Structures are given as structure tokens and as C-alpha cells.
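[1] A structural model of the following input is requested.
(chains A and B)
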Amino acid sequence: DTEVTQTPKHLVMGMTNKKSLKCEQHMGHRAMYWYKQKAKKPPELMFVYSYEKLSINESVPSRFSPECPNSSLLNLHLHALQPEDSALYLCASSPRTGTGNTIYFGEGSWLTVV
Amino acid sequence: GQSLEQPSEVTAVEGAIVQINCTYQTSGFYGLSWYQQHDGGAPTFLSYNALDGLEETGRFSSFLSRSDSYGYLLLQELQMKDSASYFCAVRDPGANNLFFGTGTRLTVIP
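    Here you go, the predicted model:
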């Protein structure tokens, strides 16, 4: 079982709604990630936090806003999304950033924008 | 940039052996990882090769040839539960990213 916990597992929201996805890990990892995955496609990186500081933003639209309140928590705030943003959103963590660190994924949050 | 190519689909019989290939083109190389993802589930780490050769973990083995920019995942004694998508992946240290291959859908049939 994954030790990266994501909530909610499923979310349906309208294009004018504001919602948040939440992620939690208690493995002491200092790097946390948000990935987006469309059906039958590989996961694609959105954001990377290293030691609670945003280190990478892969040119993600501003309607997605990440937040890292502490080393165990990661949020993704959603506002004014589009139907094409419907996807599986995966949170992940690793001990640190860097090539020797395995990345562990949560079960994901299925987002549907209507 | 990074590019990792895999066959899109593979079908194999229960109890058999199957090999899933991955060819890559990367700017810098720091090892090849393999992940398994069942429908509706999370990608789960399977193995990592930093150096050339074979790494064995139970029924799963992974091979890397850096000179050929090629690796593969070998699954032995296939079970129905092995039906899943399999991704090879490389670390992009400049972007602190795990970059995934195109993915292979494995279907195990009785």
C-alpha cells in the first residue's frame, strides 16, 4: 500500500468552482510532486517542492495553484478549470530531489470538470 | 529533452515470460526506472538500473545497456494480476523530474 495519501479520490467540479486536492506523507520525505495523467498517457510533472519551497513549475496554467504548508502536506488549489483539465492528479514524494531518490506515488485524485 | 519509447501493447499467456523494451534519448543519463500501474491505481516503483546489466527482484528483472540507450523489463511466471501498464522512466536532474516513457499495456491471458 502506498504511504502517500490523497483526498478526495474523486472530484466533480464546475468551471466556476474553487476546490482543493490534498496530499499527505509521513515518510519524512523532503521532496513532493504533483503530476497530471490523462487516460492511456504517462504522468506529466506539474510542480516540485523541495524542502517546502517550490522549485519547479512546468509552465502550468495559473488556474492550478500549489501550496506546501509543511513537509508532510501538499495541496493543489483549483479555480476556473476547463473540461480538458479532467484527469488523474497524482501526488508523489521522494526522500530528496536528485537522481538517486525513488519517487513514491499516491493513488491519485480523479478530477472531472463539467 | 527526453524521449523514451515503448511498445504500446503486449499480450502474453499466464505462466509465460514477457519482455518490455524501452529505448531512450536523453540529455544526460542517471539511470532507468520501471513503474507498474494498474487501472485506477498509482504508479508503483519496480526497479532501477544505474549501471549496465541485469537487476533481479523476484519474478521481475530489469536490464540496461547504456551504450545502446536501451533497457527492458522481464516478467517471468506471468500471473493474471500482472496485467497493467508498465512505464520506463529517467530522472531529469536539472528539473528534479521523473520523465516517463510512453507506457506499455500488458494483458495476461489464461
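[2] I'd like to know how far A:R30 sits from A:L74.
    Here the distance between A:R30 and A:L74 works out to 12 Å (C-beta to C-beta, to the nearest Å). From N, CA and C alone the C-beta is placed, and that goes for glycine too.
[3] So between those two, which is more surrounded?
    Remark: of A:R30 and A:L74, A:L74 carries more neighbours, 27 against 16, as counted by other C-beta atoms under 10 Å in any protein chain shown.
[4] Please identify which helix or strand holds that one.
    Using DSSP states H and E, A:L74 sits in strand A:73-79.
[5] Tell me which residues are up against that strand.
    Residues outside strand A:73-79 that contact it (C-beta atoms under 8 Å, 6 or more residues apart in numbering or on different chains) are A:13, A:17-24, A:32, A:34, A:46-47, A:49, A:63-69, A:85, A:89, A:91, A:111.
[6] again, 7 Å this time
    A:13, A:18-24, A:32, A:34, A:49, A:63-68, A:89, A:91 (C-beta atoms under 7 Å, 6 or more residues apart in numbering or on different chains).
[7] any weak-confidence spans in the chain?
    Since no chain was named, I'll use chain A. Across chain A, the ranges flagged by pLDDT under 70 are A:1-2, A:98-101.
[8] let's do chain B instead
    Looking at chain B by pLDDT under 70, you get B:93-96.
[9] Against chain B, how distant is A:H10?
    Going from A:H10 to chain B by C-beta to the nearest C-beta, to the nearest Å gives 10 Å.
[10] Quick check: bridge partners of that residue?
    Beta bridges link A:H10 to A:W110, judged by DSSP bridges.
[11] Count the neighbours of it for me.
    Other residues close to A:H10 by other C-beta under 10 Å number 9.
[12] wouldn't it be in contact with A:W110 here?
    Yes - the pair A:H10 / A:W110 is scored as a contact, 4.8 Å apart, by C-beta atoms under 7 Å.
[13] Which strand or helix spans residue 23?
    By default, I'm working from chain A. Following DSSP H and E, one finds A:C23 within strand A:18-25.
[14] I was thinking of chain B, sorry if that wasn't clear
    Assigned by DSSP H and E, B:T23 falls within strand B:18-25.
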